[in-house]
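# A structural model of the following input is requested.
(one chain, ligands or ions: 1)
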Amino acid sequence: MKGKLFSIEEFSTFDGPGVRITVFLKGCPLRCMWCHNPEGQSFSNEILRSPNGCLQCNACLIAGKKKTGVPCLVEESIAVCPRNLVRGSGEDITPEELLSVLEKKLNMLNSTGGGVTFSGGEPLAQHEFLISCLQLLKSKTNRAIQTSGFCDSDIFKSVIPDCDYVLYDLKIMNPKLHKKYTGFTNEKILENYKILAGSGKDFITRMPLIPNVNDTVENITQTAEFLSRHNVNKIELLPYNKAAGAKYKMLDRKYEIDFDASATPNRHMEIFDKYKIEVNVL
Ligand code: SF4
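Next comes the predicted model:
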């Protein structure tokens, strides 16, 4: 069995307890308009080209034309760029191969109370590979997943027992708005959240703050009520990343939406106070 990754990042301090290695699995069924990891959305390998420092020599496109008949980026474009601006995204790997990459670092991670976090993309979209990796890491380190919770509940229930910690994103409570901004309504996400909250598993709720999309009085009130109903008393907020659009250019994709980044950041946080929910802004 092989999974597809697009990055492994070391020394992360935002993806769970302690110092961690974060493994980014490629592919996500959602299409959040503000996604700052667009290379994590497609389940296929992709070629990225950075515009910064480009000589406009077109060697990368000529390599594509030789192969396909039309100017485009292909695997061969990577080697011919004189500025090393072209790279591939997507690596197939077995759980055992991944373990051998991670194993050398586990002592260091464990000494900080950290471990390994599987993120994405959406890690639950490759649940069989994910479960296999989590089981190989059992008793070796702290195992976390960072998820949107968007999957069938049977899949969610099959993964949770092999996690030590879950970072669970809640984006928008209104199903119609959720569909407008992510491509899907949020019933499965809320259902899986209930399962998680009732499981006794250690977890944290996270919310990206998108100006005028989900940092509204209505959405924050609904989120606080929902957490309160499930006896959850803390949330981590991730302020909108203004640089989120840059990677889209590298994929030759348009960043669909231009959020009003001038909107007051972290507004309406007093609503969480009202519900006695502790807020940690990352
Ligand atoms: S080969 Fe490199 S420098 Fe030349 S056009 Fe392509 S990205 Fe730019």
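
# make it CA atoms for all contacts and neighbour counts henceforth
OK.

# run through this protein and note the low-pLDDT ranges.
258-266 (pLDDT under 70).

# ranges for the strands of it?
Counting by DSSP state E, the chain has these strands, from start to end: 3-12, 20-25, 46-49, 86-89, 91-93, 115-120, 142-147, 165-169, 203-209, 234-239, 278-281.

# which ones are touching Leu251?
Glu39, Glu46, Ile47, Leu48, Arg49 (C-alpha atoms under 8 Å, 6 or more residues apart in numbering).

# Leu209 is in contact with Ile220, isn't it?
No: assessed by C-alpha atoms under 8 Å, Leu209 is found out of contact with Ile220, at 9.9 Å.

# thinking again about what came up before, just the contacts of Leu251 that are near the ligand?
With the criterion set as C-alpha under 6 Å from any ligand atom, the members of the contacts of Leu251 near the ligand are Arg49.

# quick check, nearest of the contacts of Leu251 to the ligand?
Arg49 (5.8 Å; C-alpha to the nearest ligand atom).

# for the closest one, grab the count of nearby residues.
Arg49 sits with 21 neighbouring residues when counted by other C-alpha atoms under 10 Å.

# can I assume it is in contact with Tyr248?
No: look at Arg49 against Tyr248 with C-alpha under 8 Å: they stay out of range, at 10.1 Å.

# so how far is the ligand from the residue nearest the centre of the chain?
A centroid search over the chain (C-alpha atoms, centre = their mean) returns Gly120, at 3.9 Å, as the residue closest to the centre. Per C-alpha to the nearest ligand atom, to the nearest Å, Gly120 is found 26 Å from the ligand.

# list the contacts of that residue.
Contacts of Gly120 by C-alpha under 8 Å, 6+ apart are Val23, Phe24, Leu25, Lys26, Gly27, Cys28, Gly40, Gln146, Thr147.

# hmm, 7 Å instead?
With contact taken as C-alpha atoms under 7 Å, 6 or more residues apart in numbering, Gly120 is in contact with Phe24, Leu25, Lys26, Gly40.

# on that earlier part again, who wins for neighbours among the contacts of Leu251?
Going by other C-alpha under 10 Å, Glu39 tops the contacts of Leu251 with 26 neighbours.

# so which bits of stretch 142-161 are buried?
For stretch 142-161, the neighbour count (16 or more other C-alpha atoms under 10 Å) marks 142-151, 153, 156, 159-160 as buried.

# do the same with stretch 226-244
Residues of stretch 226-244 classed as buried: Phe226, Leu227, Ser228, Val232, Asn233, Lys234, Ile235, Glu236, Leu237, Pro239, Tyr240 (neighbour count, 16+ other C-alpha under 10 Å).

# which of the residues you listed lies closest to Gly114?
Ranked by distance to Gly114 (C-alpha to C-alpha), these are led by Glu236 at 18.0 Å.

# across the sheet, point out what pairs with the closest one.
Beta bridges link Glu236 to Arg206, Asn280 when assigned by DSSP bridges.

# I'd say it and Pro208 touch.
No: the criterion here is C-alpha atoms under 7 Å, and Glu236 misses it with Pro208 at 8.6 Å.

# can you give me the helices for this protein?
With DSSP state H, the ranges of helices along the chain come out as 59-68, 75-80, 95-103, 106-111, 127-136, 153-159, 175-182, 187-197, 217-229, 246-250, 270-274.

# can you list contacts of the fourth one?
Surrounding helix 106-111, the residues in contact under the criterion C-alpha under 7 Å, 6+ apart are Val19, Arg20, Gly115, Thr141.

# pull the contacting residues for the first one.
What it means is Val19. Phe11, Ser12, Thr13, Leu109, Thr112, Gly114, Gly115.
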